[in-house]
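S.K.: dropping a prediction and its sequence here:
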Amino acid sequence: MHSSDKTRVLEEAVRLLKPGGDFIFTEPMVADECPASVLDPILERAHLESMASPGFYRSEIGRMGLEETDFEDHSSQVATHYTRVRQELERREEEFSGLMSREYITQMKTGLDHWVEGANNGYVFWGIFHFRA
């Protein structure tokens, strides 16, 4: 997710696979049909240039000769996860305030809210891909 050259990361993973090897990974993703500007707040807060979509991974990894054997869609858990992280941050805010600035904590809450909003609007996906060489 944090690489600006996702194709290169995939090429390296595929290069290391033995014939018949499995490439399994999980990642938060953007919906294939997501309007470009919708994720700007998430990208900015996470210091990302972009997020890949399931379609990107299928296309790129397929082009590299691997076959998709499975995809577990866990998108329904994204909003739950980030809501829970925000609740825990709020619960432990006093404890964390000794470790990080109030400004950082406020920005983190806002960033978590963006993830929840993106997921609730169907623009943020999470899944586990399984490809075979």
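M.R.: Received, thanks.

S.K.: now do the buried residues in the least confident helix or strand in the chain by mean pLDDT.
M.R.: When the helices and strands of the chain are scored by mean pLDDT, DSSP states H and E, helix 40-46 comes last with a mean of 88. Within helix 40-46, the residues scored as buried using 16 or more other CB atoms under 10 Å are 41, 42, 43, 45. For every residue, glycine as well, the C-beta is placed using N, CA and C.

S.K.: go ahead and measure how far it is from the middle of the chain.
M.R.: Helix 40-46 has its C-alpha centroid displaced from the chain centroid by 12 Å (CA atoms, centre = their mean, to the nearest Å).

S.K.: which secondary structure elements does the next helix or strand after it contact?
M.R.: Going down the chain from helix 40-46, the next helix or strand is helix 54-63, by DSSP states H and E. Helix 54-63 sits against helix 6-16, strand 22-30, strand 67-73, strand 124-132, with contacts defined as 3 or more CB pairs under 8 Å, 6 or more residues apart in numbering; DSSP states H and E.

S.K.: any chance of the ones you listed in TSV, with mean neighbour count and mean pLDDT too?
M.R.: Listed next are the helices and strands packed on helix 54-63 as TSV, based on neighbours: other CB atoms under 10 Å; pLDDT from 0 to 100:
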stretch	mean neighbour count	mean pLDDT
helix 6-16	14	96
strand 22-30	17	96
strand 67-73	12	97
strand 124-132	19	96
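
S.K.: wait, which of those is closest to residue 96?
M.R.: strand 22-30 (22.9 Å; CB to CB).

S.K.: and the longest helix seen in the chain, what does it pack against?
M.R.: Ranked by number of residues, the top helix in the chain under DSSP state H is helix 102-120. Applying 3+ CB pairs under 8 Å, 6+ apart, we find helix 102-120 packed against helix 40-46, helix 78-91, helix 93-97.

S.K.: quick one on the thing from earlier: residue 97: which of the buried residues of helix 40-46 is nearest?
M.R.: residue 45 (19.4 Å).

S.K.: hmm, residue 106 and the closest one touching each other?
M.R.: No - using CB atoms under 8 Å, residue 45 is not in contact with residue 106, being 11.6 Å away.
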